[in-house]
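Trainee: the following comprises the amino acid sequence and a computationally predicted model.
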Amino acid sequence: MQEMMNAVRIHEFGEPEVLIYEAAPKPVPMGDEVLIRVHAAGINPVDCKTRRGEGLAWRYPNPFPLILGWDVSGVIEEIGTTVTDFNIGDEVYGMVSFPEIGAAYAEYVTASPHDIALKPASVDHVQAAALPLVGLTAWQALFDTGDLSAGQRVLIHAAAGGVGHIAVQLAKWKGSTVLGTASPRNEAFLGSLGVDQFINYQDADFLQDVSEVDVVLDPISGETRDQSWVVIKPNGILVSIVGEPSAEKALEHAVRGARMLVRPNAAQLREMAQLVDNGQLSVKIDQVLPLQQAAQAHRLSQAGHTQGKLVLQVVG
């Protein structure tokens, strides 16, 4: 008989109420996988979009019952026969299986060794679970796609959000000048992270004093993106993590536009863990909720007023 575990599953797409805490089959690792006892799972906007039948839902034909979530931190309980990089008892964190089904809202999850790394030793599982997706997104957007380097200027929209506040810290670590947009209540928080120029996005012409930016990180799209093209210096780049930027607009302003979709990367996770342990990177936790309250966590995420990350605690 298959062993069971507790998990949060959906049996149909819809509002947060479709998230049900219930018994589910405990996964069994393949030869090239590890089994992780989940201690905490991070919440991301893509979780909510997928729950509604948007986001990555198109990738999953007939997925139900579906366990959402990709961010995880926990302890390895089993290792497959071909796994050599990890041992039972290792504390690990990562973004598992993205963009395929991750199934992190559960007591156990299987993962490829390519998707995980030893968690930062200086923080707990809640802090570690909040980092992978936003950290990898910020890293890959700024450095892999935007080619951001020391001395350059970067404009980070929604700088107090999950991706934004990590991007601020990574850009400062790289030696860049950081401009960040957010609401006035986040000005002090962003100042503590090292933002060089705070921009109140609620002002009608909030980008009027901005110019000669090398990289724009856009997690918003819409009107914010439309206003951003004019502040980019020639041959600079707008990197979007939400939809394809207009090729026509980029050409019109003699700049570049690129869309990126985050991918698992164990090497980058290891580098970020080192930054955390060196005190150069930290994750702001807005709220921690028990796994049973996943629906409430989704409501909070959708409200759009969080500062940093929401995390589900699986092991107390």
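Mentor: On my side now, so go ahead. Numbers count the residues shown, from 1 in each chain.

Trainee: tell me which residues of stretch 306-313 come out buried.
Mentor: 306-313 (16 or more other C-beta atoms under 10 Å). C-beta coordinates here come from the backbone N, C-alpha and C atoms, glycine included.

Trainee: which parts of the stretch 201-316 of the chain are strands?
Mentor: Using DSSP state E, counting those that start in this stretch, the strands found in the stretch 201-316 of the chain span residues 213-218, 232-240, 256-259, 285-290, 309-313.

Trainee: reformat those as TSV; add mean pLDDT.
Mentor: Output for the strands of the stretch 201-316 of the chain, formatted as TSV (pLDDT from 0 to 100):
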stretch	mean pLDDT
strand 213-218	98
strand 232-240	97
strand 256-259	97
strand 285-290	97
strand 309-313	97
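
Trainee: which of those strands sits most buried?
Mentor: When you average the neighbours per residue for each of these (mean count of other C-beta atoms under 10 Å), strand 213-218 leads with a mean of 26.

Trainee: centre of the chain to that strand, how far?
Mentor: 18 Å (C-alpha atoms, centre = their mean, to the nearest Å).

Trainee: pairing partners for that strand, with directions?
Mentor: Partners of strand 213-218 in the sheet, by DSSP bridges, are strand 153-156 (parallel), strand 232-240 (parallel).

Trainee: closest to residue 144 among the buried residues of stretch 306-313?
Mentor: Residue 144 lies nearest to residue 309 out of the buried residues of stretch 306-313, by C-beta to C-beta, at 21.9 Å.

Trainee: not counting sequence-adjacent ones, nearest residue to the closest one?
Mentor: The shortest distance from residue 309 to any non-neighbouring residue, by C-beta to C-beta, 6 or more residues apart in numbering, is to residue 130 (3.9 Å).

Trainee: for the one you found, the count of nearby residues, please.
Mentor: 31 (other C-beta atoms under 10 Å).

Trainee: how about residue 73?
Mentor: Around residue 73 there are 31 residues (other C-beta under 10 Å).

Trainee: per-residue confidence at it?
Mentor: Per-residue pLDDT puts residue 73 at 98.

Trainee: which of the helices or strands spans it?
Mentor: Assessed by DSSP states H and E, residue 73 sits inside strand 71-79.

Trainee: that strand packs against which elements?
Mentor: strand 34-43, strand 91-95, strand 108-111, helix 125-129, helix 132-139 (3 or more C-beta pairs under 8 Å, 6 or more residues apart in numbering; DSSP states H and E).

Trainee: can you give me the buried ones in the following helix or strand past the first one?
Mentor: Read it as strand 34-43. Once the chain leaves strand 34-43, the next helix or strand it forms, by DSSP H and E, is helix 45-51. Within helix 45-51, the residues that count as buried by 16+ other C-beta under 10 Å are 45-51.

Trainee: got it, and stretch 7-25?
Mentor: 7-10, 16, 18-19, 21, 24.
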